[in-house]
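Undergrad: Got a predicted structure here, sequence first:
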Amino acid sequence: MSYPDGRPWIGACALKGAARAAALVLAGALLLTGSGAVTKQEAAAAENDCGRPELASAVESIFWDSFSSYRARVLTVRVQVTNGGGNSAFSVTLNRTTATGEVSAVTALPLNLTGTLLPAAVASGDLRLLVPEGVASFRLNTFMSAADFCSNSYEYPPPEGEGPAGGAIFPPDNYWNTPVDGLPLDAGSGAYVQTIGAGSDLRPDFGSGTWDGSPIGIPYMEIDGSQPGVEVVFDYADESDPGPYPIPPDAPIEGGPASDGDRHVILLDRENRMLYELFYAWPQPDGSWAAGSGAIYDLSSNTLRPAGLTSADAAGLPILPGLVRYDEVAAGEISHALRFTAPQTRRAYIWPARHFASSLTGSQYPPMGQRFRLKADYDISGFSPENQVILAALKRYGMVLADNGSPWFVSGAPDERWDNEDLSELRRLKGSDFEAVDTSSLMVDPDSGQARQ
């Protein structure tokens, strides 16, 4: 069967570019059917666990399910939900959706579903949307809830204040959010540490107040989902996402408005689950911006940038996922890897990095994307509770080499609540207290940031 013009019904639609997974951002998903659907009693016997289920969603397919649906403009989006954590999910409920382009849900909401998704299980279901004539692209967000075995309820995405700014960025099974404390050493560990500086201090490159008149750290800004986009002209346009970028006039710039440093601008859109990052960004009199390079990330996806392309960071990786953020420390846990710099790197990159920034080829130089961790036997008990949170993360999740810079400088966001004197105690650690990790076993796909759990 086909459309009047001969196109097949399934897999073809008048939305053109919109009818692709990349056109949709799913902040949640619904659970209807699938191999992971079992009874709560079966799951209880197998798991008997409590705690937040780590649910992540993706688009499986988009199609008109009949010619009448095509004429009525009712599009079906088949979504897939994966439980990437160790806790089973119960009573999954799709509560609401939001979409651009006046796209609306035909499926009656809220849709309460009694089912179970075991850890590592995958399920799928269909969401029907009314897409007005003439809409060529749109962005969809779904909001759902689920319960754990003890009937504690959780929302996906988390409520304001619990979202990515205060915790992990990207899906739970992303590289940044995956522990490396059980992985083997990299064969080049000793040489890498010596090259970066075995006797050099660990340096927290963030804090409160100012240094030379500028905030200390890499700032980011949370923006409203309706923030208008503006044009950005790039020096490296062939390696940058063209935008537009939703940059408010008062967006903070790393180093301050007069800085001539890296001048990163980082914008987090919780509502649409998007991240926008710019390098060497300058506002222009007409409201547009100029920048060296820029990248846009869908926070519901593990997709990496094309191989060989930079981002707003030298390694071609996002910056925000690796920043130390005060709210995490105050909450008592950092559940992701951190970002750091080294003076000399190799003309090479390893997964999940996508870009190098060096002409050095010696094997003693670490490649971009190399992950390091604090040695397990390093005693952190003599540090403040706040610093212990940071050091515990360095043991469990480690840190990722993302840019050329001073040795062992760990990146973080400025915050007036930081105690700079206390943070300076972290300088007691030396490069020799760290080791390089072989993360090759985590890679599922070279073009995906998904990590084997």
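TA: It's in.

Undergrad: Leaving out sequence neighbours, find the closest residue to residue 288.
TA: Nearest residue to residue 288, sequence neighbours excluded (C-beta to C-beta, 6 or more residues apart in numbering): residue 231, at 4.3 Å. All C-beta spots, glycine's among them, are computed from the backbone N, C-alpha and C.

Undergrad: What segments of the protein are helices?
TA: All helices of the chain, identified by DSSP state H, fall at 40-46, 67-72, 189-196, 326-331, 385-396, 420-423.

Undergrad: Mind pulling the model confidence for the residue nearest to residue 288?
TA: Per-residue confidence (pLDDT) for residue 231: 96.

Undergrad: now do residue 422
TA: With respect to pLDDT, residue 422 scores 97.

Undergrad: what sits against the closest residue in space to residue 52 that isn't next to it in sequence?
TA: Nearest non-adjacent residue to residue 52, counting by C-beta to C-beta, 6+ apart: residue 154, 5.0 Å away. Neighbour list for residue 154: 52, 53, 145, 146, 147, 148 [criterion: C-beta atoms under 8 Å, 6 or more residues apart in numbering].

Undergrad: Reformat the helices of the chain as a markdown table; add mean neighbour count and distance to residue 437.
TA: Below are the helices of the chain laid out as a markdown table (neighbours: other C-beta atoms under 10 Å; distance: least, C-beta to C-beta, whole Å):
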| stretch | mean neighbour count | distance to residue 437 |
| --- | --- | --- |
| helix 40-46 | 14 | 32 |
| helix 67-72 | 13 | 50 |
| helix 189-196 | 20 | 8 |
| helix 326-331 | 17 | 21 |
| helix 385-396 | 19 | 11 |
| helix 420-423 | 15 | 25 |
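
Undergrad: Throw the ones you listed into JSON lines and include distance to residue 103, thanks.
TA: Formatted as JSON lines, the helices of the chain follow (distance: least, C-beta to C-beta, whole Å):
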{"stretch": "helix 40-46", "distance to residue 103": "34"}
{"stretch": "helix 67-72", "distance to residue 103": "14"}
{"stretch": "helix 189-196", "distance to residue 103": "49"}
{"stretch": "helix 326-331", "distance to residue 103": "33"}
{"stretch": "helix 385-396", "distance to residue 103": "40"}
{"stretch": "helix 420-423", "distance to residue 103": "47"}
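
Undergrad: Out of these, which is closest to residue 80?
TA: For residue 80, the closest of these is helix 40-46, at 19.4 Å, according to C-beta to C-beta.

Undergrad: thinking again about what came up before, if I look at the residue nearest to residue 288, how far off is residue 244?
TA: Residue 231 sits 6 Å away from residue 244, going by C-beta to C-beta, to the nearest Å.
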